[in-house]
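Undergrad: no FASTA, just this:
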């Protein structure tokens, strides 16, 4: 599984780092290559194998040699950081998910509490702070994208639904927007956000607001389209919705719009990493259940659980 | 072949672009059926043409079957009157806005040449009359004056017949203001004498040469219409009180007492009367005139001749009527310059234009039977609920069907030929006409078969499913000519328009015809499916009824909708034609939402809101049911989209509230205005209306819910013999798509022909495909190894189509409302897709395939390809190449508001489409550049008097050119250029619906590129 070469003997080779990992009362000693491109997933898989953690949800952290803080390893970046800082060896602590105090209280140096208060406070029971999830438990629900391409007055927002049952939670309406053109001010029909559903995805991101003008949906301009068409476009893209809006509070400084209104706007050119499609579109994979009793002769797509993920 | 032009990459090659232009072209061609809301009727006795104007500003001229010219006013307002300029092929129309328009038949369309608007209230035109000389048009007005319009310049002349001048010679005792001009008619043989009838009963015979009144007649009833007798020395007037009277020019008084046919009690007005001589005896035809008390809900035209008297009783309002003369045989019609009603011809037929249908009554025939219409047939005799286009009907079935149809209408119609026979066809000789059928399903459970291969859409045959079910009054009411009521007035029901349905459950939802086996399947609203076979022998016997319970595996399901229809017990007599062999009733009896027939396997599949059923109609045995309901949802909400209805109700309520609010506010405003101390300020006004603006129309943006009450709807079904289990053998399969993007596939084992009668058909579920985007699945089709859709059942066996290519893997196209997606079989691996909704915001409503052909002028080789046709919810017709799904054509065909039009559209295999333009009329359009059904006709050059001789000469040349072609009428598969010249334009439609032959450059999104790359 792991492509990293593992030297169990632990011989000190310049290019390798000694690792000592602890889970419950068990220790493992091994080494990994000092690879600036180390992958967290591979490292994690290695630990899983060594500690036989196949069915256990666990968290990985290490003790930073400089200040003895317990810090998490949960992505490529902090793994690499850990490998760089590891002197003389990398001490890895593996904890069951949920057992870790740091998970609840945050990592890093805990600021020494006021000495007096800690003495006077009597009860050492820490005040229950708000539980904050680890970054790896977060799910991206929205982002501002293509900041370098989209004009300052516009904002391109991506809403990711990810199968959560939280509604997208916004409504759109017809309206008129005033644009500055060569022939002076011009009133153009446009599509606007009319309201946000409290608790919906759109409201919780804070990136969309009532009266924002919708300019594009997934890279396609909405100019000349009816409200129903725009609604249908948004629904069709609802799993990975990218809307370019002109925020309401900036509309007064609207610049002259460049170029023509083609099907694909200039605003969106070059930004197409944002909407992945094609055969491998992860958002659009249909589920196929094969119920034919006969063995599927097409080996490449046979699957143990009968579900083909294409 | 022509593989090299298949563009690799998103940019089509120049060659492909040229080919696109040769293959694809959007045109609106013909209109079939009866015009919506007709308002005016006219007849040209010399050219024998009929003209109809409508409430939407359309003008249509009809001659012999196949001769049709359409025009459309720029302003779509009602046409109130039309008159022909006899023998010129020109029409003058009067519109509701008091404007006059001159139309001319130009090649194959009717074009507006000139237009003149009259202003002023007193100049509101009430009646029009064309001079026999054809120089002027006399315009009678509401104000009482008569104006003259010069027809050559189409401008008003200074000559005006003032009412004051006419009144000077009126007897002193007539003190009234005579009112509006009701009627102007020229005296036969004396073109200088015109008879002017005024509203208040004054009738004046006016000499136009010396501007004097020759004679004055006064009636004490309000005048409705006037009509000369054939002798030219007497005339008849009809009046407001339902009476008419005859006048002699030599006397001042009526020659006899006023006749009130339906008196003595108060009667309704007679808006029009015609008196002619038939076989030496007077023939009187008038509309209305019924007693006020009893006949108030009837629309009649009464015909009185000798002893015979019939009040023809129409189901819709009578707009106008005409009496057509027989053709005078002595002359060629070109030389036959008939003056108004003075020919030696006899009244031949009565033409009645009612609001919903046209009826011709044969006056020569003793029983005054109807004449079978070759065109202008009311499609909506009962409301159209579904339609299906069938091509490739065998000659044998066609003839037998026609025979069977003739037998059905035998005693209803007169045998004589169609009397409206003006114009000429560019046609005949040689090639065979296309055998295409249009099947329309109706609200009353009937299926009508129409000949849809030519210019005229004529009814062929009718099949009724109502006879297989018992109901209150399901017996068909055949208009029986013997059924003349003994009571007075002597009513006789006439016409075919019957808007009343006996039982809404009978309404046809789906109709499928296999023309090769002569099998017809009709599926209706009460979950019933009637399977019938064509037979030329009479059949007496019981029809087997089978019930299949779709929700048998769901406990606790409660159906709250309508009951199923009760099948008729005992023997049913079935005449030759389609005869039901089995009736399938689905439980719950929700409307059938999808239905397919596989005549080769003897199977029928039907889907409803709850699931689907597969039925073996050879053995009359159920094969399989599959419930598509979500196991957690057993509400059995039925087929009514409750949420939608609720929201509709809500929106209605809201709009009423808004209306009421607006009204009350307006009233409040006027009240405040009247109170002196509080001048209504603008500010408060705005404030009051702001609540209306505060809640504009808005749309919720939300992903499709996983569970929806409508998700179980079976939207489409499809039979195919393809690779589903493995890549080695093809199997009979059934595919079903639902409203939430699920596709169920089944394998079927059909016993071999020898064991078909004994062994059972079995069916097992094979695969379930859940489309991630969950949009309703609209259509499914399998492409063979050469990317052609699989042939229809029996097509291979009958040698109509070649065997499908099984050397290459098959692919399946699954069209959902949002996208087209192609999967390879048997693995169901995504191959390529086109996300229409994500790009255009338009949803797929219909998918079909059609063959496009064109000839390469350089090599003379014929190129032919099959493409995918698509109709969207905004009324666009799209053409995509297969299997790469590249957009080839995008034409805005139907207005997006026209929901009925969009939902009724059917594509044909030759890339034409038909949709309901109105409830009674079909519009035909073509997406192919080379094949279209167009009216190929012309008017013989009218004699003289044509001012625009130059322009006419030009078109004449064109005509001769066209005449040299040998063509079957309507089957215009000739050269492209010839077709282009024949193109029918609807002036304003053409500008409304812009067409783009897409070079597909504008269509590229990164999505499509990625799709393309991903597909390789």
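TA: The structure has been received and is ready for your questions. What you see is a predicted model; the values in this text were computed from it and never measured.
Undergrad: mind listing what the residue in the stretch 651-800 of chain B that chain A sits nearest to touches?
TA: Among residues of the stretch 651-800 of chain B, the one nearest chain A by C-beta to the nearest C-beta turns out to be residue B:703. It sits 3.6 Å away. For the C-beta atoms, the positions are set from N, CA and C on the backbone; glycine is no exception. Residue B:703 makes contact with A:161, A:167, A:168, A:235, A:238, A:239 under the criterion C-beta atoms under 8 Å, 6 or more residues apart in numbering or on different chains.
Undergrad: Show me where the stretch 51-200 of chain A has its helices.
TA: Secondary structure of the stretch 51-200 of chain A (DSSP state H, counting those that start in this stretch): helices located at A:76-85, A:101-105, A:115-120.
Undergrad: Which of the ones you listed comes out lowest on mean pLDDT?
TA: Taking the average pLDDT of each of the helices of the stretch 51-200 of chain A, the minimum falls on helix A:115-120, with a mean of 56.
Undergrad: Stretch B:723-736 and chain A, are they touching?
TA: Yes: judged by C-beta under 8 Å from any C-beta of the partner chain, stretch B:723-736 comes into contact with chain A through B:724, B:725, B:726, B:727, B:728.
Undergrad: Of those residues, keep whichever come out buried.
TA: Among these, those classed as buried by 16 or more other C-beta atoms under 10 Å in any protein chain shown are B:724, B:725, B:726.
Undergrad: Just send the residues you listed back as a markdown table, with pLDDT too.
TA: Output for those, formatted as a markdown table (pLDDT from 0 to 100):
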| residue | pLDDT |
| --- | --- |
| B:724 | 90 |
| B:725 | 88 |
| B:726 | 87 |
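Undergrad: which one of those is nearest residue B:187?
TA: The nearest member of these to residue B:187, counting by C-beta to C-beta, is residue B:724 at 82.1 Å.
Undergrad: how near is the closest one to residue B:56?
TA: From residue B:724 over to residue B:56 the distance is 50 Å, taken as C-beta to C-beta, to the nearest Å.
Undergrad: next one: residue A:223
TA: Note on residue A:223: its distance to residue B:56, by C-beta to C-beta, is 31 Å.
Undergrad: so where's the chain uncertain?
TA: Looking at chain A here, since you left the chain open. Counting by pLDDT under 70, the low-confidence segments of chain A come to A:1-14, A:99-139, A:162-164, A:250-284, A:293-310.
Undergrad: Chain B is the one I meant
TA: B:1-11, B:121-122, B:295, B:328-344, B:427-432, B:471-487, B:632-696, B:707-709, B:941-1016.
Undergrad: Going along the chain, name the helices of it.
TA: For chain B, helices defined by DSSP state H occupy the ranges B:14-23, B:163-168, B:395-409, B:642-674, B:682-694, B:836-840, B:899-904, B:949-963, B:976-981, B:987-992, B:1006-1015.
Undergrad: residues making contact with the second one?
TA: Helix B:163-168 is contacted from outside by B:143, B:144, B:145, B:178, B:196, B:198, B:204, B:206, B:211, B:213, using C-beta under 8 Å, 6+ apart.
Undergrad: need the contact list for the residue in the stretch 701-850 of chain B that chain A sits nearest to.
TA: Nearest to chain A in the stretch 701-850 of chain B, going by C-beta to the nearest C-beta, is residue B:841, at a distance of 2.9 Å. Residue B:841 makes contacts with A:217, A:222, A:225, A:226, A:228, A:229, A:230, A:231, A:232, A:233, B:874, as judged by C-beta under 8 Å, 6+ apart.
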